[in-house]
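A.B. asks: the sequence and its predicted three-dimensional model are supplied below.
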Amino acid sequence: MFRTLLAVCILATGGLSAAKAEGKPDLSIYGALPMIEDVQISPDGSKLAVVSTDGDKRFLTIRKTAGGGIAGVAVGASKLRGVSWAGEDHVILVSSVATEGMRLVGPPREYFTVSDFDVVKNRQRPLLDGVKETLNIVLGQPQVRMIKGTPHVFLQGVRYLRGYAANTLFRVNLSTGVTHPLTHGGRLGADAWLVDADGEPLAQSTYDEKSGRWTLLMKAGSNWKVIDKADAPMGSYGLAGLGRDGRSALVWRRNDRDVLREYRATGDRETLPDDLELRGFVHDPLTRKLIGSYGMVGEDMVYTFFDPADQAAWRGVTKAFKTDRVVLQSWSANKRKIVVRVDSPETGQGFALVDLATRQAEYLGPVYKNLDAGAISPVTTIRYNAADGLAINAYLTLPKGRAAKDLPLIVLPHGGPEGRDTLGYDWWSQALASRGYAVLRPNFRGSDGFGLDFVKAGFGQWGRKMQTDLSDGVRYLASQGVIDPKRVCIMGASYGGYAALAGATLDKGVYRCAVSVAGVSDLQLVRRAVFNPKSVCVKAGTSLDERLNTVTMNESRGSEERTYDCTYRGAGPTAAPDLLTADPDSRDLRTSTSPRYWLRFIGIEGGQAPDLDAISPAKLAHKADIPVLLIHGKDDTIVPYEHSQIMADALTKAGKPVNLIPLDGEDHWLSRGNTRLKMLTEAVAFVEKHNPPD
């Protein structure tokens with residue numbers, strides 16, 4: 001029943017074809033966006049909000065868990081970043097758009113907007129639009145609260161006050177549409193708020209990006225009181241929601257070790273046990289209290305709940321799916337109906353609904369369309385030692401129908417760099433394996449999920465041991481006879497893109513070709529992005545409201561005779577890292593893509609920097625000895641497009657073979673279906689030319 005339910009939802013949007021070519025699965029099976037991106041269950045457990053895709057278009061459909069459709073809306077080409085229920089009749093949608101084409105000027109940033117979909121009226125309404133002296137962008141995750149039975153959403157936005165743009169907390173009554181500003185922060189925009197279960201402001205976290213000073217304030221009566229301060233040059237402090245009692249503020253800190261602490265307005269504080277898995281936090285769907293945590297530990301997704309009854313219930317959920325990795329996607333207010341995302345290396349990913357009352361689990365549908373077991377190559381876990389003896393965990397995908405002997409290899413390092421790979425389905429490596437390549441995905445030093453000491457082993461090793469961890473894996477597979485060491489290429493995105501470029505310029509003699517997708521090429525640019533951030537400016541208009549409510553308006557930038565308010569800096573991902581969950585693994589904010597956090601891996605601490613040119617591929621282009629393919633989204637706000645342009649220019653000047661492919665309208669996370677497929681198609685064609693699989 002449930003599989004049919006979601007199938008009807010997807011078929012209504014059209015669907016993608018997946019023809020096979022010459023016995024090989026079509027690349028669109030792997031390169032297309034997920035057919036189902038998200039499933040959120042309503043508080044009473046009677047409805048599902050389903051986000052589906054067709055090419056570059058996204059759709060939100062509301063379905064009954066035991067019946068037909070209720071409502072739906074075509075989201076269009078918007079990059080939908082998050083969906084959540086607010087009561088039984090409202091769904092909150094978070095979308096993002098890059099700065100190009102807006103009436104905001106400055107460095108490229110990803111700006112987030114929020115809208116409310118009214119299930120009863122079948123109507124979508126943007127929030128903060130038309131609010132006096134207010135930008136219609138948000139700086140943090142929406143916080144949903146039920147106040148006397150009425151759904152409200154609290155938004156961190158920007159309001160123009162006394163000549164400058166201020167970070168502001170707004171309350172929106174979803175029943176009436178009335179929006180009210182509650183409190184204001186500083187003009188630099190590095191503020192975050194937390195509201196309690198009753199909708200009252202509870203805590204405020206501020207961060208001065210210039211001094212690296214973090215401050216926590218809490219509401220004591222009608223006044224804000226400073227509760228704690230700390231130096232956090234890497235931006236490693238943040239609010240993580242309500243504490244266990246619903247009246248405390250939960251703060252995570254990452255310095256020499258992970259620390260999770262609850263603060264109260266009285267000044268009392270309590271550090272939670274060290275064995276708590278500090279990768280993500282589980283809050284009660286009704287009260288929003290902290291009830292547990294989760295994280296990848298080795299090969300397993302581990303959930304830890306404070307209440308033994310919750311822990312027992314979760315054990316019951318996971319038993320229904322044998323050895324597959326199970327992720328809690330959403331649950332009803334009473335926690336009796338749970339939507340999970342199940343990841344199997346043999347069959348791919350899918351959604352399921354578990355009813356704890358009836359003790360039944362029903363399959364809702366696959367994440368990827370037309371992906372069956374026949375299109376998935378086997379994946380195994382391997383372990384090898386790096387040159388200095390450090391044990392490295394990695395995943396090896398072997399092409400179907402070929403013996404594991406003298407195979408061509410693609411090394412595919414993950415991004416982050418404090419991300420990690422898992423044993424589950426990975427669309428990129430599976431696409432390469434379908435073409436006849438073995439694919440190695442190493443969790444090099446600095447990767448998440450193997451303990452903080454393993455993460456710290458990566459500090460200062462960007463372009464150094466983090467790089468040789470990859471080639472050590474190549475040498476290990478060659479020693480086992482699995483791969484042909486003369487037929488190896490390297491490919492990756494973000495930090496993985498940097499590693500690909502480093503494979504062409506630093507760690508030479510290992511690879512035949514390199515493909516960098518949105519890769520870092522010049523570490524001096526990264527350093528300047530942290531220590532000399534550029535302003536984001538609001539264009540002057542004919543009226544204040546026109547000037548501020550213009551995120552979706554187009555305007556030419558031909559004239560330079562304009563005036564701007566350049567005091568506001570925080571409308572991008574640095575100020576709202578918890579919104580950046582665009583990649584399928586939903587990396588949390590501790591595995592930050594912020595350049596500030598990268599500094600520890602690069603080796604920049606306390607203002608002291610190593611010789612960055614010595615590990616910057618763009619400065620070493622003359623040493624490149626293999627063909628290089630550069631692919632980069634023009635709207636990338638994490639690693640700007642100029643990194644690939646600089647690398648292409650340097651290689652061209654040095655007389656080295658290079659090709660640069662821009663992806664118009666694409667961001668750092670390959671959020672658009674057509675450009676994601678183009679990236680995969682171009683990358684596969686490149687390695688097939690320079691490292692043929694047969």
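C.D. replies: Thanks, I have it.
A.B. asks: and the strands in the stretch 501-650 of the chain?
C.D. replies: Here the stretch 501-650 of the chain has its strands, by DSSP state E, counting those that start in this stretch, at 513-517, 536-539, 564-568, 628-633.
A.B. asks: show me the shaky parts of the protein.
C.D. replies: Scanning the chain for pLDDT under 70 picks out 1-22, 99-108, 186-190, 233-235, 255-258, 274-279, 323, 531-597, 606-608.
A.B. asks: quick one, longest helix in it?
C.D. replies: Assignment by DSSP state H gives helix 673-690 as the longest helix of the chain.
A.B. asks: tell me the angle that helix makes with strand 628-633.
C.D. replies: With axes from the mean of the first three to the mean of the last three Cα atoms, to 10 degrees applied, the angle from helix 673-690 to strand 628-633 works out at 180 degrees.
A.B. asks: now helix 673-690 and strand 513-517, what's the angle there?
C.D. replies: Using the same axes, to 10 degrees: helix 673-690 against strand 513-517 is 170 degrees.
A.B. asks: buried residues of helix 673-690, list them for me.
C.D. replies: Of the residues in helix 673-690, 673-680, 682-684, 686-688, 690 count as buried by neighbour count, 16 or more other Cβ atoms under 10 Å. (Each C-beta comes from the backbone N, C-alpha and C, glycine too.)
A.B. asks: ok, now stretch 150-160?
C.D. replies: Residues of stretch 150-160 classed as buried: Pro151, His152, Val153, Phe154, Leu155, Gln156, Gly157, Val158, Arg159, Tyr160 (neighbour count, 16+ other Cβ under 10 Å).
A.B. asks: closest to Leu525 among these?
C.D. replies: For the buried residues of stretch 150-160, the residue nearest Leu525 by Cβ to Cβ is Val158; the value is 27.0 Å.
A.B. asks: the closest one and Leu169 touch, don't they?
C.D. replies: No - shown here, Val158 and Leu169 do not form a contact pair, counting by Cβ atoms under 8 Å, at 11.0 Å.
A.B. asks: and Ala478, that's in a helix?
C.D. replies: Yes - counting by DSSP: H, G, I helix; E, B strand; the rest coil, Ala478 falls inside a helix.
A.B. asks: okay, it and Leu599: tell me how far apart.
C.D. replies: To Leu599, Ala478 is 34 Å away according to Cβ to Cβ, to the nearest Å.
A.B. asks: ranges for the helices of the chain?
C.D. replies: 2-11, 28-31, 308-319, 427-433, 452-456, 465-479, 495-505, 523-531, 544-548, 595-602, 642-653, 673-690.
A.B. asks: winner for burial among those helices?
C.D. replies: Stretch with highest mean neighbour count among the helices of the chain: helix 495-505 (a mean of 29; mean count of other Cβ atoms under 10 Å).
A.B. asks: just give me the neighbour total for Lys47.
C.D. replies: For Lys47, the number of neighbouring residues by other Cβ atoms under 10 Å comes to 23.
A.B. asks: need the contact list for it.
C.D. replies: For Lys47, the contacting residues are Ile41, Ile62, Arg63, Lys64, Thr65, Ile70, Glu88, Val119, by Cβ atoms under 8 Å, 6 or more residues apart in numbering.
A.B. asks: how about 6 Å then?
C.D. replies: Ile62, Lys64 (Cβ atoms under 6 Å, 6 or more residues apart in numbering).
A.B. asks: roughly how far does it sit from Gln40?
C.D. replies: For Lys47 relative to Gln40 (Cβ to Cβ), the value is 9 Å.
A.B. asks: with Phe59 instead?
C.D. replies: Counting by Cβ to Cβ, the separation of Phe59 from Gln40 is 14 Å.
A.B. asks: likewise Leu128?
C.D. replies: 22 Å.
A.B. asks: so between those two, which is more surrounded?
C.D. replies: Taking other Cβ under 10 Å, Leu128 and Gln40 do not tie; Leu128 has more neighbours (24 against 20).
A.B. asks: not counting its neighbours along the chain, what's nearest that one?
C.D. replies: Distance criterion Cβ to Cβ, 6 or more residues apart in numbering; nearest residue to Leu128, sequence neighbours excluded, is Asn136 at 4.4 Å.
A.B. asks: can you give me phi and psi for the one you found?
C.D. replies: Torsion angles at Asn136 (phi, psi; degrees, to the nearest 10) stand at phi -90, psi 50.
A.B. asks: hmm, who's touching stretch 460-472?
C.D. replies: The contact list for stretch 460-472, computed with Cβ under 6 Å, 6+ apart, reads 386-387, 392, 411, 413, 442, 444-446, 458, 502, 506-507, 510, 601-603, 615.
A.B. asks: just the buried residues of the residues you listed.
C.D. replies: Here, 16+ other Cβ under 10 Å leaves 386, 392, 411, 413, 442, 444-446, 458, 502, 506-507, 510, 601-603, 615 buried among the contacts of stretch 460-472.
A.B. asks: Asp38 and Gly82 touch, don't they?
C.D. replies: No - using Cβ atoms under 6 Å as the test, Asp38 is too far from Gly82 to be in contact (8.1 Å).
A.B. asks: returning to what we had before: next, format the buried residues of stretch 150-160 as TSV and append distance to Val340.
C.D. replies: Shown next, in TSV, are the buried residues of stretch 150-160 (distance: Cβ to Cβ, whole Å):
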residue	distance to Val340
Pro151	25
His152	28
Val153	26
Phe154	28
Leu155	29
Gln156	30
Gly157	33
Val158	37
Arg159	40
Tyr160	44
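A.B. asks: check those residues and tell me the two furthest apart.
C.D. replies: The largest separation in the buried residues of stretch 150-160, counting by Cβ to Cβ, is between Pro151 and Tyr160 at 27.8 Å.
A.B. asks: returning to that earlier point: quick check: the residue nearest to Leu128 vs Ala74, distance?
C.D. replies: Noted for Asn136: a distance of 20 Å to Ala74, by Cβ to Cβ.
A.B. asks: over to Ser332?
C.D. replies: To Ala74, Ser332 is 27 Å away according to Cβ to Cβ.
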